Each structure stands twice: as structure tokens, then as C-alpha cells.
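Undergrad: Quick check, what structure comes out for this input:
(chains A and B)
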Amino acid sequence: MSYMTKMTKKKRELLAEIESSEAVSIYQLARRTGRNYRRVHDHVQEFIEAGLVQVRSEVCNGRRALIVESECHQRLKRLNDMYTFKAGLDAAR
Amino acid sequence: MQLDEAARRLLDIFDPDGVVIGGICGAIYGVERFTRDVDLAVAMRYEAVISRLKEIGIEAMVATSSEPGDLSWVVHGEIGGVKFQVLPASETGISSASVKLKAGLRVPDVKSFIVSKCIAAGQQDMYDVAALCLMDAALEAFARETAEQHHCLKKLESWLSDRRLRQKYLKK
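TA: The predicted model follows:
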């Protein structure tokens, strides 16, 4: 059985929140969903292991934050990278 | 300005009537194809679109057409160095009921996106539909039916059997 099919309702809701919003910190996710930070952190860890999200570290207001990105964010980033590369080529011409 | 930032700015300008379609929407659903502009479908008249853009200092021009099969209007402009087109939602098969939020962008759900692509029915559009079907086989019957309704089934079938496309998307 795949990870997606055995996911609990709460985890599905959390994943939907990550996919729908812009890149978001675990702290913000916990606040938005009204859930415990530790629980959200553990669920995000499971999503990472299942290849559903990625996390990067970022300093916000002087504090280190873990930013969660879904596959949609990664795809948009790749498109932006291609766009920047081609725009650079066009400018060089 | 990056493509997604331009799309966000445009969605803000036309909030809540705008939906991102075209290459950016395709990318969100997993289609890896380069695009250099932002396509937006809006539930507004083109006069209102131009006026809304003018209010914030963006000069835009409209191209109108009465040719069968063409969109009746398309507004062209540029924001932060990124070119964009605004299209009439009613003619692109996009309704507000089908809108989803993905990565903070308002996009049509995948089936409405397929409908919009079948209405446009260009080679690139059918490439996108075929890629979506290859990534998710559950979409194929719907896509075939929609393509048949819009007389572009042959193009879709051609892309569905394209060896390179199959290699690229079937593994996903």
C-alpha cells in the first residue's frame, strides 16, 4: 500500500495546506492548522521520507526556520530557472 | 522578475477574477516545457482588464478577432519585464468553480486545464494534455473524450504514442 493511500485525514489536510500555499515554515504551518509544532514537524518528516515535500533552512527575522516546499514549488522553481537561463542567453545576444 | 512572481502580481491585480493557465499551470501539474510568458484567464470584459492595468501604470493592448475558433480578445502586456496575456475565462473553458490553489497560485483543476488545452488545440497544447495523461492514466479517458468534442483527438493520439514523450513522462 502506498504512503498516500494510508495517510490519515490530518496528514492529508496538512499536505493540502503545504501544496496550496506559498513556501511556508513549519512554525507557520502549525499556527495555520492549529496543531502542535512537534506533531507538524514529525508529519513533515514523514512527507520528506515519502518524497512528497522538501525542506530547506532559512533565516527569518534572525531565527532559523525550516521552510517546507511541495513538488509544485519545486516545479515552479525549475521553470523559473529555465526562464532566467534563457533570458540571460537572449540578453547576451 | 521571475515568472511566478509576475503571475502572483497579475493575480493580485485581477483578484478574485484571475486564474493562471498556460505553461505555468502546466508546470505546476508536472509538464516540463519551457514558457517565457504568463497566461491568465479572467472573468471580465477586456475594457475592464485594460482599465485595471492602466490604474497601476501598465500599458496593454488588445487584439480582437471575430474569426471562428479564435478567442474574441486577448490583452497583451508586460509586467516587470515578463510578457503576459490575459484571456477571456468564458472562452477558455475555465470557471471559478474549478479553481484550486497550488503553490499560492490560483489555477484551474487539472480537468478544466485539459478542457482549456483542448479548446486551444495547438500542438503544444496537445503535448501538455498527453504529458498529463501519461503521468496519470486516470485522466486519459476524460482527455480523449474532451479532445474528440473539440476535434483534436488525432493530435492527442499522435502525442500519446510519441516515443520521447512516453519515455519522459511514463516513468514519473
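Undergrad: so what does the longest helix seen in chain B touch, helix or strand wise?
TA: The helix that spans the most residues within chain B, counting by DSSP state H, is helix B:123-135. On a contact count with 3 or more C-beta pairs under 8 Å, 6 or more residues apart in numbering or on different chains; DSSP states H and E, helix B:123-135 meets helix B:22-28, helix B:110-120, helix B:140-149, helix B:153-160, helix B:163-169. For glycine as for every other residue, the C-beta is placed from the backbone atoms N, C-alpha and C.
Undergrad: Of those, which stretch is the most buried?
TA: helix B:22-28 (a mean of 25; mean count of other C-beta atoms under 10 Å in any protein chain shown).
Undergrad: near chain B, which residues of chain A show up?
TA: A:19-23, A:70-73, A:75-76, A:78-80, A:82-84, A:86-87 (C-beta under 8 Å from any C-beta of the partner chain).
Undergrad: on that earlier part again, C-alpha coordinates for the longest helix of chain B, CSV please?
TA: Extracted in CSV, the C-alpha atoms of helix B:123-135 (Å, rounded to 0.1, in the frame of the first residue of the first chain):
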residue,chain,number,x,y,z
GLN,B,123,0.4,21.1,-31.0
GLN,B,124,1.9,22.5,-27.7
ASP,B,125,-1.5,22.3,-26.0
MET,B,126,-1.9,18.6,-27.0
TYR,B,127,1.7,17.9,-25.9
ASP,B,128,0.7,19.2,-22.5
VAL,B,129,-2.5,17.1,-22.4
ALA,B,130,-0.7,13.9,-23.5
ALA,B,131,2.0,14.5,-20.8
LEU,B,132,-0.7,14.8,-18.1
CYS,B,133,-2.3,11.6,-19.3
LEU,B,134,1.0,9.8,-19.3
MET,B,135,1.7,10.9,-15.8
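Undergrad: what about it, distance to the chain center?
TA: Centre-to-centre, helix B:123-135 and its host chain are 12 Å apart (C-alpha atoms, centre = their mean, to the nearest Å).
Undergrad: the inter-axis angle of it versus helix B:140-149?
TA: 160 degrees (axes from the mean of the first three to the mean of the last three C-alpha atoms, to 10 degrees).
Undergrad: what does helix B:123-135 contact?
TA: B:26, B:29-33, B:110, B:113-114, B:117-118, B:139-140, B:143, B:147, B:152, B:155-156, B:158-160, B:162, B:165-166, B:168-170, B:172 (C-beta atoms under 8 Å, 6 or more residues apart in numbering or on different chains).
Undergrad: which secondary element of chain B has the worst mean pLDDT?
TA: helix B:89-92 (a mean of 91; mean pLDDT, DSSP states H and E).
Undergrad: still on that earlier bit, now do the buried residues in the longest helix of chain B.
TA: Neighbour-count burial for helix B:123-135 flags B:125-135 (criterion: 16 or more other C-beta atoms under 10 Å in any protein chain shown).
Undergrad: what's the closest of those residues to A:Asn36?
TA: B:Met135 (35.0 Å; C-beta to C-beta).
Undergrad: just the buried members of the residues of chain A next to chain B?
TA: Applying 16+ other C-beta under 10 Å to those flags A:19-21, A:23, A:70-73, A:75-76, A:79-80, A:82-83 as buried.
Undergrad: want to try a markdown table for the buried residues of helix B:123-135, with pLDDT as columns?
TA: What follows is the buried residues of helix B:123-135, written out as a markdown table (pLDDT from 0 to 100):
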| residue | pLDDT |
| --- | --- |
| B:Asp125 | 94 |
| B:Met126 | 96 |
| B:Tyr127 | 96 |
| B:Asp128 | 96 |
| B:Val129 | 97 |
| B:Ala130 | 97 |
| B:Ala131 | 97 |
| B:Leu132 | 97 |
| B:Cys133 | 97 |
| B:Leu134 | 96 |
| B:Met135 | 95 |
